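Student: quick one, what's the 3D model for this:
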Amino acid sequence: MRKRTLILLVLALALPLFGAETITFSGGATKLVMKEGREMVTLTGGAEIESGTMVLTADTITISGEEYRYVTCSGRVHLTDTERGILLSTESLSYDRVDEHVLITGYVEIDDTANQVQASAFRLAYDVQPGLMELQVSVLLLRHTDSGVMICSSDTITYDRTKETLRMLGNARVKWDGDTYEAQRVEVDLKSEEIAMKGAIKGVIGGS
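Tutor: Numbering: from 1, shown residues only. Next up is the predicted model:
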C-alpha cells in the first residue's frame, strides 16, 4: 500500500499545468483521487504550484477534470506570471489550462508590470495567449505616463495587453493631465495616448 501511495505521488508531481509544463507543488496536506474519470488533486494548508514562469498560491488548490484540465483556487489567491509581467490577487480563481482562460468572479487586483498598468474590478475574464482581459463592475484602471497617471473608470473595460488598447463601455470616464473626459463609450490607445469618445460626451479641459 505504501509503495502504491508513493507511485501515485510521483504521478501527481508530473501533472502538466499551464500548458505542457511539468509542475511542482507543495502544501500542508494533499488529497489524491486517481480513479479513471474522477482524477483529482487537492492541496490545502498554504498550497503552491509552480510551472515554468507561473507561480500560483492559495489556501486551497484543486486540479481536476479530464487530463487535469481544470484548476480552482480559493483563499488568498495570488497568480504571478514573470514571463508576461502579470500579478493577480483575489479570493477565488478558476483556470482552464487547455483554453488558457482565467475566470475570477469577485474582487480582483491586477498589476501589469510590462505595460505599467494597475487595475481592479469585481469580475475578470482573461485569455492568456492573446493577452485579452475583460473587466466588469466598478472597474478602475491606472496607466502611468510621462504626463502623470491616467485614471480610467467604467462599468466594463476590455483591455488588450498586446495592442495596449482599452474599450470602455458604460459610465466611462478618463482623468489625465488635468483634463476629464466622459462618455458612454471611450476608446483609448495607450501607446499613442489617443482618446476617442462616443455617446453623451462631456469634458473638462484644463481642470484640476
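Student: could you pull out the helices for this structure?
Tutor: Taking DSSP state H, the helices of the chain run over residues 2-13.
Student: so where is it shaky, pLDDT-wise?
Tutor: Within the chain, the segments meeting pLDDT under 70 span 1-23, 25, 29-30, 32-38, 52, 199-208.
Student: give me every residue that touches Asp99.
Tutor: Contact partners of Asp99, counting by Cβ atoms under 8 Å, 6 or more residues apart in numbering, are Asp127. C-betas here are computed from N, CA, C, even on glycine.
Student: and it, its phi and psi?
Tutor: Phi and psi for Asp99, reported as degrees, to the nearest 10, are phi -80, psi -10.
Student: go on, Gln129?
Tutor: Dihedral angles (degrees, to the nearest 10) for Gln129: phi -60, psi -50.
Student: the closest residue to His101 other than its chain neighbours: neighbouring residues, count only.
Tutor: Residue nearest to His101 in three dimensions, not counting chain neighbours: Asp127, with 5.7 Å by Cβ to Cβ, 6 or more residues apart in numbering. Neighbour count for Asp127, taken as other Cβ atoms under 10 Å: 14.
Student: what do you get for Thr162?
Tutor: Neighbourhood size, Thr162 [other Cβ under 10 Å]: 10.
Student: got the contact list for it?
Tutor: Taking Cβ under 8 Å, 6+ apart, one finds Pro130, Gly131, Leu132 in contact with Thr162.
Student: if we can go back for a sec, residues contacting the residue nearest to His101?
Tutor: Neighbouring residues of Asp127 by Cβ under 8 Å, 6+ apart: Asp99, Glu100, His101, Met133.
Student: show me the contacts for the third one.
Tutor: With contact taken as Cβ under 8 Å, 6+ apart, His101 is in contact with Tyr95, Ala125, Tyr126, Asp127, Val128.
Student: got the phi and psi for the last one?
Tutor: Spelled out, that is Val128. Phi and psi for Val128, reported as degrees, to the nearest 10, are phi -70, psi -50.
Student: you'd agree Asp81 is up against Leu56?
Tutor: No. The criterion here is Cβ atoms under 8 Å, and Asp81 misses it with Leu56 at 9.4 Å.
Student: wait, Thr60 sits on Ser74?
Tutor: Yes. Taking contacts as Cβ under 8 Å, Thr60 lies within contact range of Ser74: 5.0 Å.
Student: neighbours of the residue lying closest to Val174 once chain neighbours are set aside, how many?
Tutor: Excluding the flanking residues, the one nearest Val174 by Cβ to Cβ, 6+ apart is Tyr181, at 4.6 Å. Neighbour count for Tyr181, taken as other Cβ under 10 Å: 20.
Student: who does Tyr181 form a beta bridge with?
Tutor: Val174, Gly203 (DSSP bridges).
Student: ok so, going back, the contacts of Thr162 into CSV, with extra columns for distance to Asp160 and neighbour count?
Tutor: Output for those, formatted as CSV (distance: Cβ to Cβ, whole Å; neighbours: other Cβ atoms under 10 Å):
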residue, distance to Asp160, neighbour count
Pro130, 8, 12
Gly131, 7, 18
Leu132, 6, 16
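Student: so what's Thr90 bridging to?
Tutor: Under the criterion used (DSSP bridges), Thr90 bridges to Val77.
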